[in-house]
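Novice: Take a look and give me a structure for this.
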Amino acid sequence: MHQPVPKSAAEPPSDEQLIERYRHGHHAAFEQLIERYRQELFNFLSRFLGDRIAAEDVFQETFLQVHVSAKSFDSDRRFKPWLFTIAANKGRDYLRRRARRPAAEMNAPIAGGEDKGQSFIDLMQADLPGPEEQLDKAELRERVQRSVQTMPAHLREILLLAYFQQLSYQEISDALAIPLGTVKSRLHTAVGTFAKLWKDQNQGEEPA
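Specialist: Numbers count the residues shown, from 1 in each chain. Have a look, this model is predicted:
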C-alpha cells in the first residue's frame, strides 16, 4: 500500500506565518515578505499611479507602514488584503498630493523579465475591439490609454484590485473600507465608465 506523502519540510511559510514571525523578532521574515510582494505590489502601484518612480516611493512607504503597524495586525486576517489596504491608502495620498499637477501618463512599463517595456494598457482586461478590426497595436494602446487616463482614480483603483490582484469582493471591501454592496456597484460603474469612454473617444475614428 502507498503511504501518504508527508508535507515537505521545505514548504514555504504563509504570509500570515511570516508576519507573525516578524512580530516576534525574526527580521528575516520581513525581508521574505518584501521579496514575495516586490513585483506584484510594485506593478499594482505602477499601474494605479502611472509613474514608476512614484510607485517605488509608495512601495517603500507601504512596507514602512507594515513595519510600524505589524504589532496591530490581526492574525485571524489574511495578510495580502491588509497589505493592499495600506498600499491603496498610500497611493491615494500620493494622488491627492499631486492633484494640482497634470495627470501622469498611464503607459508606465512593467518591471522585470520578458514583460519589460509592457505597459498597463497592454494588460487592461476590457472588452476591446478584436484583431479583425485591423487596429495597429500601438494605436490600440494609445486609444485605451486615453480612455483609462480619464477614469476617476477610485474607479481605476477598483478595477486594478478586482482584475489584476484578483481580490474577492470581501477583500476589496476590507481594503477600501467600503461596504460590500458598494464594491459591487462601484466595479460595475468602473467597467461601464471604461466602456463609455472607449465608445465616446473612438467614435468616428474607425476606418470606413
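
Novice: And the lowest mean pLDDT element among the helices and strands of the protein?
Specialist: Ranked by mean pLDDT, DSSP states H and E, the helix or strand of the chain with the weakest confidence is helix 120-123, at a mean of 44.

Novice: what sits against residue 176?
Specialist: 85, 88, 157-158, 161, 183 (C-beta atoms under 8 Å, 6 or more residues apart in numbering). For every residue, glycine as well, the C-beta is placed using N, CA and C.

Novice: let's go with 7 Å and repeat that
Specialist: By C-beta atoms under 7 Å, 6 or more residues apart in numbering, residue 176 lies in contact with residue 88.

Novice: what does residue 29 give?
Specialist: Per C-beta under 7 Å, 6+ apart, neighbours of residue 29: 18, 21-22.

Novice: Out of those residues, name the ones that lie in helices.
Specialist: Counted as lying in helices by DSSP state H, out of these, are 18, 21-22.

Novice: could you point out where this protein is predicted with low confidence?
Specialist: Within the chain, the segments meeting pLDDT under 70 span 1-10, 99-138, 141-142, 144-146, 148-149, 164, 204-208.

Novice: The same query, at a cut-off of 80, please.
Specialist: 1-10, 50, 75, 97-150, 159-160, 163-167, 175, 194, 198-199, 201-208 (pLDDT under 80).

Novice: ok, the ones in helices among the contacts of residue 29 vs residue 175, which is closest?
Specialist: residue 18 (19.2 Å; C-beta to C-beta).

Novice: Compute the distance between that closest one and residue 70, please.
Specialist: As judged by C-beta to C-beta, to the nearest Å, residue 18 and residue 70 stand 10 Å apart.

Novice: what does residue 174 give?
Specialist: Distance from residue 174 to residue 70, by C-beta to C-beta: 18 Å.

Novice: The two - which one has more neighbours?
Specialist: residue 174 (19 against 15; other C-beta atoms under 10 Å).

Novice: Output the helix or strand hosting that one as CSV, restricted to C-alpha atoms.
Specialist: Element membership for residue 174, per DSSP states H and E: helix 169-176. What follows is helix 169-176, C-alpha atoms only, in CSV (Å, rounded to 0.1, in the frame of the first residue of the first chain):
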residue,chain,number,x,y,z
TYR,A,169,-15.4,41.4,-3.2
GLN,A,170,-15.0,40.9,0.5
GLU,A,171,-11.2,41.5,0.3
ILE,A,172,-11.8,44.7,-1.7
SER,A,173,-14.4,45.8,0.8
ASP,A,174,-11.8,45.4,3.6
ALA,A,175,-9.0,47.0,1.6
LEU,A,176,-11.0,50.1,0.6
